[in-house]
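J.: Make a model of this:
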Amino acid sequence: MTSAIPFPPLPIPSLSTLLMHLKSLRQQDASLQSIDPLLRQLDEYSRHFDHSAHLIYLELSQVSHALSALVAMLDQPNLDTLECEQLYCLLEPFARRLQQTTMQMQELA
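T.: Below is the predicted model:
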């Protein structure tokens, strides 16, 4: 019995790549002019999505760097001098920013 070798999954094209392909197909067929307003709207949505995704990436990157620094700080040998209130003051802003970023991502979905 031979086992089937699975094919690797095909890469999912980006929204901008799909839009570019649709525009190319539209240019090849003048009878599709009725979809031009939809293509323009889709193009605008794509730009808005790309901008929002970039802002979310920047936010998550900042939180990630800050949490890495916090972990490094908590790994110090003098950890016993760090009081709970100080720890809360360090973690609370990160929790708030992650919550805000999560809400922004939900709005995009």
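J.: low pLDDT regions in this structure?
T.: Applying pLDDT under 70 to the chain flags the ranges 1-4, 78-82, 108-109.
J.: Can you show me the strands along it?
T.: Taking DSSP state E, the chain contains no strands at all.
J.: List the buried residues for the helix ranked longest in the chain?
T.: Longest helix of the chain, by residue count under DSSP state H: helix 36-74. Going by neighbour count (16 or more other C-beta atoms under 10 Å), the buried part of helix 36-74 is 42-43, 46, 59, 63. (C-beta placed from N, C-alpha, C; glycine too.)
J.: Just the closest of these to Phe7, please.
T.: Nearest to Phe7 out of the buried residues of helix 36-74 is Ser46 (C-beta to C-beta; 29.0 Å).
J.: The closest residue to Ser16 other than its chain neighbours and Ser14, how far apart?
T.: Among residues not flanking Ser16 along the chain, Ser46 sits closest, at 5.7 Å (C-beta to C-beta, 6 or more residues apart in numbering). Remark: distance between Ser46 and Ser14 (C-beta to C-beta, to the nearest Å) = 9 Å.
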